[in-house]
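Chemist: this one's structure only:
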C-alpha cells in the first residue's frame, strides 16, 4: 500500500485544516466544540446508525435540532479515526493497494466562501488561485442523498505526493440544516480517478435526519459502516449548579445547558459538552469562540497571553474571558469558557450572554467548573 495517508498527515494537510479552522472562526462559526470521536470497526452486516454532527451549536439557533448523518461505505473502503476538523475519515483502497483519503467536514457560516475554500485546495496541489466566477463555472451537479449538491475537482500537475504523484482532489458540497457539508476525496491522480465511481455512490448513500425530515439513502451494492458518537445517556459529573441556573432542554451534542436570567431582556447561557481526547485542542476551540464574538483569530502566542488557569480535580483548566458582538444577535456579549481535563476526556464549559449577567455569574461559574467530579476520571 502506498504512503499517501502518511503524507496527508504531514504539514501541508495540517496547515490546510488549520487555515480552514481560522477561516471558519472569522466567518462567525458557532460550533460548541470541535470533537474527535473514536470510530469502532464494524462488519458489513452492521446496520447504519445515525451520526450526529460534531459540535453542539453548529451555527444553528439555540436549542435547534441538529441534522444526523448516515452513510454506507463502498467495498474496500476503510474507516479511520477522525482528526482535526473532520467528522469522519476513510481510506478508499483500490484492488492493487493504492489508496485515497476521504473526509467528511461540516462547517456553518461558510455561505459565499466556496471560492476561498477551493483556492485553499488549489494551493495544496500547487495550482494558482482562480477568481470566483471562473471557479463557479466549473461546479457540476451531483446527487448527495436525495438532494442536489455541487461537485468540484482540483487536479495538480506537480508531484506533491511522495515526490512522485500529482494530487487530485474531488469535493462535493451540500448546504443542509444551516451547515455546509463537504465530502472530499484526495490522493494520487490515478487513484482518485479510479475511485470516483465509488465516491459518487457513497454520496448517493448519505442520509440526513433532522426531526421528521429525512434524505433517503441509496445503499446500492455497498457494505455498511456508520460512525457512532457519545450519547446523552452517559452519566453526568457530580456537580452542584447554582440555584438561579435554570436547566434547559439539552440539544444534541451538549451534556447540559442552563439559562441565567438577568434584568429585563438580559440573559446568559451555559453550554456544557465533552469529548474524548483533547476535543480538537485549546487553540482551535478558542479561535472558534472568538469568531462567535466577531473577534479576530489568535495564534498560540496570543492564546498564551489571553488564557489563565484554575485548579480542578483533573488538573489545570484553561480559562478565557472575551467580549465582543454576538454574531447571532448583533448585540454586545461576553464569553467566559473553561477547557477542563478529566481523565480520557476533555470537558468544555461556556458562559455567554449579556456582559452584566456574565460578570455577575463568573465567580459561581468558575466554582462550578472547579468542583465538578467526573464519571470517567477526576
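Modeler: Nice, thanks for sending it over. Small disclaimer: the values here were computed from a predicted structure and weren't measured.
Chemist: what about stretch 338-346, distance to the chain center?
Modeler: Remark: stretch 338-346 is offset 18 Å from the chain centroid, using C-alpha atoms, centre = their mean, to the nearest Å.
Chemist: model confidence over it, on average?
Modeler: Averaged across stretch 338-346, pLDDT comes to 89.
Chemist: Can you tell me what sits against it?
Modeler: Contact partners of stretch 338-346, identified using C-beta atoms under 8 Å, 6 or more residues apart in numbering, comprise 237, 274-279, 282, 285, 310, 312-319, 347-350, 365-366, 369, 372, 374, 376-378. The C-beta positions use only the backbone N, C-alpha and C, and glycine is treated the same way.
Chemist: how long is stretch 129-143 from one end to the other?
Modeler: End-to-end distance of stretch 129-143 (C-alpha to C-alpha, to the nearest Å): 27 Å.
Chemist: typo on my end, stretch 257-272
Modeler: For stretch 257-272, the first and last residues are 6 Å from each other (C-alpha to C-alpha).
Chemist: in it, what's buried?
Modeler: 257-258, 260, 262, 266-272 (16 or more other C-beta atoms under 10 Å).
Chemist: Likewise for stretch 130-149?
Modeler: Applying 16+ other C-beta under 10 Å to stretch 130-149 flags 130, 135, 142-145, 149 as buried.
Chemist: What about those residues, which are in strands?
Modeler: Using DSSP state E, 142-144, 149 are the members of these that sit in strands.
Chemist: Including distance to residue 300 and pLDDT, could the residues you listed go into JSON lines?
Modeler: Shown next, in JSON lines, are these (distance: C-beta to C-beta, whole Å; pLDDT from 0 to 100):
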{"residue": "142", "distance to residue 300": "38", "pLDDT": "95"}
{"residue": "143", "distance to residue 300": "42", "pLDDT": "95"}
{"residue": "144", "distance to residue 300": "36", "pLDDT": "93"}
{"residue": "149", "distance to residue 300": "36", "pLDDT": "93"}
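Chemist: Closest one of the residues you listed to residue 200?
Modeler: residue 142 (6.9 Å; C-beta to C-beta).
Chemist: Tell me how far the residue lying closest to that closest one once chain neighbours are set aside lies from residue 172.
Modeler: What sits nearest to residue 142 in space, not counting adjacent residues and going by C-beta to C-beta, 6 or more residues apart in numbering, is residue 151, at 3.9 Å. Distance, residue 151 to residue 172, using C-beta to C-beta, to the nearest Å: 5 Å.
Chemist: Now do the contacts for residue 362.
Modeler: Shown in contact with residue 362 (C-beta under 8 Å, 6+ apart): 321, 336, 351.
Chemist: Make sure it is indeed in a helix.
Modeler: Yes. Applying DSSP: H, G, I helix; E, B strand; the rest coil, one finds residue 362 inside a helix.
Chemist: Please renumber the chain so that the first residue is 40 from this point on.
Modeler: In the new count, where the first residue is 40, that last one comes out as residue 401.
Chemist: In three-state terms, label residue 136 for me.
Modeler: coil.
Chemist: Now do the phi/psi pair for residue 347.
Modeler: phi -120, psi 180 (degrees, to the nearest 10).
Chemist: From what I see, it and residue 358 are in contact.
Modeler: Yes. Residue 347 lies in contact with residue 358 (C-beta atoms under 8 Å); the separation is 4.9 Å.
Chemist: can you count the residues close to the residue nearest to residue 210 when sequence neighbours are not counted?
Modeler: Closest residue to residue 210 apart from its sequence neighbours, by C-beta to C-beta, 6+ apart: residue 223 at 4.5 Å. Per other C-beta atoms under 10 Å, the neighbour tally for residue 223 reads 21.
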